[in-house]
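> Sharing a model that was predicted from the sequence below.
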Amino acid sequence: MRHLDLCLRPVESGDENGRMRINVDFRRSYDEDLTLWYSIPNDQYPYVSCDLMDPFVTAALLKAMEDRATLRVHGPVSASLLDNLEEFQLIFSTWFPDKYHHPIDIVADVETEGTRRNHKVILSFSGGVDGAFSALNHVVRKGPIKRKLFDVDAILYIEGFDVNIQYDRECGNVVQRNRKLFASYPHLTFLNVRTNLKYLLSIKRFWMSHACVVASVASLFRTMWGGCLLGSSHSYLHLRPWGSHPLTDRLLSSRSFEMYHDTVFKRMEKLEALFAWPEALENLKVCWEGQYRYDTLPDTNCCRCDKCVRTMLAFKALGHEIPGSFAEELTVEKVQGLKNKPFDWSRLMFLNEILDTAKERGLEKMPVFAALAGIVEENSKMV
């Protein structure tokens, strides 16, 4: 029988970045061992609690499922989290059977239950459209959501989520930009945790696992905050199997720390709403691919990759100027570059949303949208 043993090491003080480091061993009876780590600034470490193994179970779950190994947890785990992960596994093994073949057993040394500290939540925020829209509603209070509002008390930026963990200065730049954006809200606590979890769960298929990364990191702060709010990805009109989903994000919760999938809107609706918060648009950062494909600085928008080009197209389709956070001009040649990446349902959905908006605004004859229409028509039959 294959086993993945989850073991927490003593916390290190003063890693290579001068931070506190939590190290967790994935000891595998069938393959080389792996080490998961979280690097946390010294001034934030007093907010962290490792009294439960919940963050590390959430981190290791998909790797154990991929390996078809029983997950043995050497330490206490919330029984309510284990209950939820049973259902989570059933959904993921149904959605992604090639990677997460079937549910696995999770065996903890001790099952217990923590107490929820409060109803204040952490907002996961990297500066992209989804996080900015959540902040517009729940922090700035100028968005379309009027009633189901959360008490956001902290902003969490995960280093290594969108910016490669090797880029120390650029990660720091994003942290400072986030602090500046929310400077008018002095009640907020800023959290930034660097982790290699994204890379352990396979960077190439990160769209399957990103909610687990957020849940794992956020729940380190369980004894200070009662949950974490995660911006929605797709609208109800276009929901399909995805790593962050209103059906599954809630199952990464325990009674003492809940994960919330934010209210669902279309991407174009989110961008339109963000014009009520110009500072967010001037600090918007959607790019993650430029650092790998175009060797551009990862704390900026490369203006050439898929996400950058489609976001710039979306602003054009809405009839607005492209904000200064995109430093380069949108050209037909850049739109033509969308052909260079395989199409899937998610890409096609976002691009069709842009085209539909351009048609509604009478802009479909603009060269960039004419080029986009040809690309979408050519690839629609293959998805």
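Perfect, thanks for sending it. Numbers count the residues shown, from 1 in each chain.
> For the spatially most central residue of the chain, grab phi and psi.
Most central in the chain under CA atoms, centre = their mean is H210, positioned 5.0 Å from the mean C-alpha point. Dihedral angles of H210 (phi, psi; degrees, to the nearest 10) stand at phi -70, psi -30.
> Just the local confidence number for the closest residue in space to it that isn't next to it in sequence, please.
If the residues on either side of it in the chain are set aside, H210 comes closest to G243, at 4.8 Å by CB to CB, 6 or more residues apart in numbering. No exception for glycine: its C-beta is placed from N, CA and C like everyone else's. According to the prediction, G243 has pLDDT 94.
> again with I145
I145 is given a pLDDT of 96.
> how much space between I122 and V139?
To V139, I122 is 12 Å away according to CB to CB, to the nearest Å.
> which residues do the two both contact?
Contact criterion CB atoms under 8 Å, 6 or more residues apart in numbering; residues shared by I122 and V139: V152.
> Spell out which residues make up each domain of the chain.
Using automatic domain parsing, the domains assigned to the chain come out as 3-112, 121-192+204-261, 286-380.
> returning to that earlier point: sec struct for the residue nearest to H210, please.
Assigned with DSSP: H, G, I helix; E, B strand; the rest coil, G243 falls in the coil class.
> can you check S39 too?
strand.
> Would you agree it is in contact with S13?
No - assessed by CB atoms under 8 Å, S39 is found out of contact with S13, at 11.4 Å.
> Against F315, how distant is the residue nearest to V264 when sequence neighbours are not counted?
Closest residue to V264 apart from its sequence neighbours, by CB to CB, 6+ apart: S232 at 4.5 Å. S232 sits at a distance of 20 Å from F315 (criterion: CB to CB).
> Next: F26.
43 Å.
> Same question for A358.
From A358 over to F315 the distance is 11 Å, taken as CB to CB.
> More neighbours: these two, which one.
Using other CB atoms under 10 Å, the more surrounded residue of A358 and F315 is A358, with 24 against 21.
> Wait, the more buried one touches G319, no?
No - counting by CB under 8 Å, A358 does not reach G319; the two are 9.1 Å apart.
> what's the closest non-adjacent residue to S244?
Leaving aside its sequence neighbours, S244 sits nearest to A211 (CB to CB, 6+ apart; 3.9 Å).
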